[in-house]
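>>> Sequence isn't available, so here's the structure alone:
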């Protein structure tokens, strides 16, 4: 949430600084505050959102000629998310070319950047395995560039990577992706899905693109042009199709343009656009708070209701067994998911830190005080009086334990479907 607030404020500060117009800055911040991509990633506390917060405040500091702290913020963002590994060097090059005229400052900034990147590079070389996202999600991995034993030539592989990069880059700046399907909350084919931005933002973005060259101070023109053009590059160098988390860097420079455009359209257009934004924002609020949880209930199941209910029976329970799986996977009908229930139980039941710190590994599972997180096997578990068993709908009791346990409670997911049951040994 802090990173999200930094981004909202940062967009306004950058817009106001490069235009010299307070109202354009305020419009940029306002648009950032209602941008679905920023709302979602901020609430999910994703590392890509933290990285973007550092990039945003870093760019503002550099625009303000606070060279040292601006560069430090950009370099710190590289330690948050791997897409910044390429974005930050490109931004620093653009800033150096367009803003820094003192050769001593250029040498000092380069030295600081090299020193800051050495630990990151060393960690990448020594500890990053083949499954690391920075290795497995890049285009040259998809193009099988590392494999020299196949019959595909180097030129062909480079051409393949180039083609995929261009296709990805165009996909990331496609208006359909940005305004209508990029958020991918519930699948891009679902009519309730939406874009990275609220769709009326397209109106002011077009206005901003038309006027930004004459509205931005001359010393910032090439900086902003470079930032806009390079922001999708790192995401375009990864495979798997358009991805919001990798392309979040594109949001800030486009919001700056939209903030400029908001104050450049006529008053009547501005009021109409505000009305459309309120309508689209209300629709997003409904989708995010009601449709999205219902559609994705099974795959994003939380343990809060179970944790809160279990608090009422803790005093009478000897042991509470919690199956860490969820989903209606019995008989191969659905997907079997694996959760981390101990985090929910610890948070909502206000466990003392010692309970988490002093966990005990055993054949039963992982014990946290009275709770044991495990995979409950009804055919092999020994039922004991006053023990409790929390299981997903995909792992209901079998005939072997019939008569030995009694049902205590049933828990539904956000869609109203049965998700978990609690049983007690008789």
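Good, I have the coordinates. As the structure is a computational prediction, the values presented were derived from the model and not from experiment.
>>> ranges for the helices of the stretch 301-426 of the chain?
304-310, 341-348, 353-357 (DSSP state H, counting those that start in this stretch).
>>> can you pull the buried residues of stretch 34-52?
Neighbour-count burial for stretch 34-52, counted by 16 or more other CB atoms under 10 Å, picks out 34-42, 46, 48-52. C-beta: built from backbone N, CA, C; applies to glycine.
>>> Check these and tell me the two furthest apart.
Based on CB to CB, the longest span within those runs between 34 and 51 and measures 21.5 Å.
>>> before we move on, the earlier item: between the helices of the stretch 301-426 of the chain, which one is closest to residue 70.
helix 341-348 (36.1 Å).
>>> which ones are touching residue 106?
Counting by CB atoms under 8 Å, 6 or more residues apart in numbering, residue 106 touches 96, 100.
>>> Assumed it was part of a helix.
Yes: counting by DSSP: H, G, I helix; E, B strand; the rest coil, residue 106 is located in a helix.
>>> What distance do you get for it to residue 100?
Distance of residue 106 to residue 100, computed by CB to CB, to the nearest Å: 5 Å.
>>> my read: residue 351 touches residue 369, true?
Yes: in this structure residue 351 lies within contact range of residue 369 using CB atoms under 8 Å: 7.1 Å.
>>> which one of the two has more residues nearby?
More neighbours surround residue 369 than the other of residue 351 and residue 369, with 19 against 15 (other CB atoms under 10 Å).
>>> Show the average pLDDT along the helix or strand residue 259 falls within.
Here residue 259, judged by DSSP states H and E, is contained in helix 251-264. Here helix 251-264 scores 94 as its mean pLDDT.
>>> Please tell me how far residue 177 sits from residue 260.
Distance of residue 177 to residue 260, given as CB to CB: 22 Å.
>>> which one of the two has more residues nearby?
Comparing residue 177 with residue 260 by other CB under 10 Å, the one with more neighbours is residue 260, at 28 against 21.
>>> Setting the sequence-adjacent residues aside, check what's closest to the more buried one.
residue 208 (4.2 Å; CB to CB, 6 or more residues apart in numbering).
>>> I'd guessed that neighbour sits against residue 265; true?
No: assessed by CB under 8 Å, residue 208 is found out of contact with residue 265, at 9.3 Å.
>>> Among these two, which residue is more densely surrounded?
residue 208 (27 against 19).
>>> give the contact list for the more buried one.
With CB under 8 Å, 6+ apart, residue 208 has these contacts: 256-262, 264.
>>> Assign it to one of the three secondary structure states.
Taking three-state DSSP, the label given to residue 208 is helix.
>>> Give me the distance between it and residue 228.
According to CB to CB, residue 208 stands 10 Å off from residue 228.
>>> Overlap in contacts, those two.
Common neighbours of residue 208 and residue 228 (CB under 8 Å, 6+ apart) are residue 257.
>>> residues in contact with the nearest residue to residue 348 once chain neighbours are set aside?
Counting by CB to CB, 6+ apart, residue 348 lies nearest to residue 307, which is 4.1 Å off, once chain neighbours are set aside. Contacts for residue 307 (CB under 8 Å, 6+ apart) come out as 341, 344-345, 347-349.
>>> which one of these has the most neighbours?
In terms of neighbours by other CB under 10 Å, these top out with residue 345 at 28 neighbours.
>>> just checking, that residue touches residue 339?
No: counting by CB under 8 Å, residue 345 sits too far from residue 339 to count as a contact (11.1 Å).
>>> Pull up the overlap in contacts between these two.
Counting by CB under 8 Å, 6+ apart, the contacts common to residue 345 and residue 339 are residue 303.
>>> if we can go back for a sec, among the buried residues of stretch 34-52, which are in helices?
Within the buried residues of stretch 34-52, residues falling in helices by DSSP state H are 36-42, 48-52.
>>> Do a quick rundown of the strands in this protein.
Secondary structure of the chain (DSSP state E): strands at 320-323, 325-326, 337-338, 360-361, 366-368, 371-374, 388-392, 405-412, 418-425.
>>> Let's have those strands in CSV, adding mean neighbour count.
Output for those, formatted as CSV (neighbours: other CB atoms under 10 Å):
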stretch, mean neighbour count
strand 320-323, 23
strand 325-326, 22
strand 337-338, 13
strand 360-361, 10
strand 366-368, 18
strand 371-374, 22
strand 388-392, 24
strand 405-412, 14
strand 418-425, 20
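>>> can you tell which of the ones you listed is closest to residue 123?
Closest of the strands of the chain to residue 123 is strand 337-338, at 27.4 Å (criterion: CB to CB).
>>> How far off centre is the closest one?
Mean-position distance between strand 337-338 and its chain equals 20 Å (CA atoms, centre = their mean, to the nearest Å).
>>> tell me what it is packed against?
Where contact means 3 or more CB pairs under 8 Å, 6 or more residues apart in numbering; DSSP states H and E, strand 337-338 is packed against strand 325-326.
>>> Show me what the strand it packs on is in contact with.
Residues contacting strand 325-326 (CB under 8 Å, 6+ apart): 298, 301, 336-339, 375, 392, 394-395, 419-420.
>>> try 10 Å
Strand 325-326 has contacts (CB atoms under 10 Å, 6 or more residues apart in numbering) with 298-303, 335-339, 341, 374-376, 391-395, 413, 419-420.
>>> Equivalent analysis for stretch 259-274, please.
With CB under 10 Å, 6+ apart as the criterion, stretch 259-274 contacts 11-12, 14-16, 18-19, 21-32, 200-212, 214-216, 224, 277.
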